[in-house]
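**Q** Coordinates for the following, if possible.
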Amino acid sequence: MTPNDRNPAEGGRPAVLRAVPVGSERRVAALYWEAFGRKLGPALNPPEAGRAFIAEHLHHDRGIVAVHGGRVVGVAGYQLGGHGLTGGDAGDVLAAYGLFRSLPRLAVLALFERTPEPGELVMDGIAVDAAQRGLGIGGLLLAEVAAVAAEAGCRRVRLDVIDVNPRARALYERQGFTAARTERTPYLRTLLGFGAVTTMYRPVTAADASRAGTTGGAGTTGGAGG
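**A** Got it, this is the predicted structure:
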C-alpha cells in the first residue's frame with residue numbers, strides 16, 4: 001500500500017487534477033448536489049434529475065478535483081473565459097424539464113448568476129466528500145484555484161458564502177479570503193434555506209504565481225472542454 005492509497009487521515013495525500021476526469025461526471029455531480037442541493041433544489045429537483053442535469057452539462061476544464069484511491073473526493077469549480085464548471089443554458093433546462101416546469105426554474109437559476117469583473121476569477125463552489133472533511137482537501141483545492149487565477153493573470157479570486165455555512169466561511173478565511181460585503185436576502189430563506197450572502201475576496205499573490213509555474217496543472221487528466 002502506497003501513501004496515496006491510504007486515507008488522508010492516515011497520511012495519504014490526494015492527487016489534485018485540473019480537469020474533471022472523463023467518467024467521473026456523476027460522482028462530481030453527486031458531490032455538488034450533496035453540498036448545494038438545498039440551494040439548487042428549487043431549480044433542478046427532483047434530486048436524481050438535478051444530479052443528472054449537472055453531470056450532463058459539466059465543463060470539464062473548469063473543475064479542479066482531488067482524487068484519492070481512484071475516487072474523486074473533492075471538487076472546486078470556477079468561472080473563467082465565459083463559462084464555469086456547471087453549465088446548461090435555458091434551452092437545456094427546457095429540454096430537460098419541459099416548458100411550463102422550466103419557467104420558474106430559470107428564474108431561480110438566474111439568482112445564482114455571477115459575472116466576473118476584469119482581472120477576477122469567480123468560484124462556482126467547492127464540495128468535499130463528507131467522509132473526508134477536515135483533512136485539508138478544501139485547502140488543497142483552493143490553493144490550486146489561486147494558481148489557476150495567477151496563470152490567467154487575475155488579480156483576485158472571488159466567492160460567495162451563505163450565512164448557514166459557517167464551516168465553509170472559516171475555511172475561506174484560513175485560506176486568505178476576507179469578507180467585502182453581505183447582502184441580506186430574507187425573502188430567499190423559505191425557498192432556498194439561507195437569508196444572507198457574503199462576498200469574499202482573496203488577492204492573487206506572488207506565491208500563487210510561483211506555484212503556478214511549478215505545478216504544471218498538477219496532473220491534468222483528459223476531458224478538458226465539455
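**Q** Which residues are in contact with residue 204?
**A** 146, 149-150, 154-157 (C-beta atoms under 8 Å, 6 or more residues apart in numbering). (Each C-beta comes from the backbone N, C-alpha and C, glycine too.)
**Q** switch to 6 Å and redo it
**A** 149-150, 154-156 (C-beta atoms under 6 Å, 6 or more residues apart in numbering).
**Q** Need the pLDDT of it.
**A** Looking at residue 204, its pLDDT reads 96.
**Q** returning to what we had before: narrow the contacts of residue 204 to just the buried residues.
**A** Using 16 or more other C-beta atoms under 10 Å as the burial test, those include 149-150, 154, 156 as buried.
**Q** Show me the helices in this protein, by range?
**A** 25-44, 47-56, 90-97, 99-110, 137-151, 166-174, 189-192, 206-215 (DSSP state H).
**Q** for the second one, packing partners?
**A** Where contact means 3 or more C-beta pairs under 6 Å, 6 or more residues apart in numbering; DSSP states H and E, helix 47-56 is packed against helix 25-44.
**Q** which outside residues touch the helix it packs on?
**A** Contacts for helix 25-44 (C-beta under 6 Å, 6+ apart): 20, 50-51, 53-55, 58, 72, 75, 105, 108-109, 125, 127, 191-193.
**Q** Could you tell me the end-to-end distance of stretch 145-160?
**A** 15 Å (C-alpha to C-alpha, to the nearest Å).
**Q** mean confidence for it?
**A** Rounded mean pLDDT across stretch 145-160 is 96.
**Q** Check the offset of that stretch from the chain's centre.
**A** Here stretch 145-160 is found 13 Å from its chain centre; the criterion is C-alpha atoms, centre = their mean, to the nearest Å.
**Q** do stretch 19-37 as well
**A** 10 Å.
**Q** pLDDT of it, averaged?
**A** Rounded mean pLDDT across stretch 19-37 is 95.
**Q** buried residues in that stretch?
**A** So stretch 19-37, judged by 16+ other C-beta under 10 Å, has buried residues 19-21, 24-25, 27-33, 35-36.
**Q** Pick out whichever of the residues you listed sits closest to residue 141.
**A** Residue 141 lies nearest to residue 31 out of the buried residues of stretch 19-37, by C-beta to C-beta, at 11.4 Å.
**Q** any idea how far the closest one is from residue 75?
**A** 5 Å (C-beta to C-beta, to the nearest Å).
**Q** what's the answer for residue 55, then?
**A** For residue 55, the distance to residue 75 - C-beta to C-beta - is 12 Å.
**Q** These two - which one has more neighbours?
**A** residue 75 (29 against 18; other C-beta atoms under 10 Å).
**Q** Wait, that one touches residue 127, no?
**A** Yes: counting by C-beta atoms under 6 Å, residue 75 does reach residue 127; the two are 5.5 Å apart.
**Q** about what we covered before: looking at the helices of the chain, which is buried most?
**A** Across these, averaging neighbours per residue (mean count of other C-beta atoms under 10 Å) puts helix 137-151 on top, at a mean of 22.
**Q** which residues are in contact with it?
**A** Residues outside helix 137-151 that contact it (C-beta under 6 Å, 6+ apart): 16, 64, 66, 74, 76, 78, 121, 126, 128, 157, 171, 175, 204, 208-209, 211-212, 215.
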